[in-house]
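# Sharing a model prediction with you, sequence too.
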Amino acid sequence: MPDATIIEVLLALLAGVVGFVSYVAANRANKAQADAAVVTIDAQAYERAQQIYESAIATLERRVSYLEAQVADLNKSNEEMTTELARLRRENADLREQV
């Protein structure tokens with residue numbers, strides 16, 4: 001076999017190996033890029049979920065504060081009514097004694 005044919009065969013093999021290596025490298029790069037895209041999407045989803053969670057907590061905290069204020073008002077009103085009831089019972093007892 002002449003030297004030129006051997007060189008042509010070796011160059012063809014080298015081209016085939018370079019092509020295969022390029023193909024494998026491109027596949028790995030595409031997979032890495034896809035993985036990075038998934039990570040980016042997951043990070044964005046996490047941020048949105050965190051914002052929703054924090055907003056829900058803030059809403060609940062405001063609602064609890066409102067309910068606590070209502071409970072305080074109702075407790076005050078209840079104490080006033082209890083005092084008034086005790087006064088009316090004393091007054092009723094006094095009136096019964098007078099009769």
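Cool, the structure landed.
# tell me the mean pLDDT for the strand or helix carrying residue 92?
Residue 92 belongs to helix 3-98 when elements are defined using DSSP states H and E. For helix 3-98, mean pLDDT is 92.
# Packing partners of it?
Applying 3 or more CB pairs under 8 Å, 6 or more residues apart in numbering; DSSP states H and E, one finds that helix 3-98 contacts no other helix or strand. The C-beta positions use only the backbone N, C-alpha and C, and glycine is treated the same way.
# from the middle of its chain, how far away would it be?
Distance of helix 3-98 from its chain centroid, counting by CA atoms, centre = their mean, to the nearest Å, is 1 Å.
# Quickly note the distance from residue 45 to residue 39.
Between residue 45 and residue 39 the distance is 11 Å, computed by CB to CB, to the nearest Å.
# Ignore what I typed, I meant residue 83.
From residue 83 across to residue 39, the span is 65 Å (CB to CB).
# Residue 20 too?
Here the criterion is CB to CB. By it, residue 20 lies 29 Å from residue 39.
# cool, residue 28 as well?
For residue 28, the distance to residue 39 (CB to CB) stands at 16 Å.
# Residue 50 now?
16 Å.
# likewise residue 16?
Taken as CB to CB, the span from residue 16 to residue 39 is 35 Å.
# Residue 5 too?
51 Å.
# Also residue 64?
37 Å.
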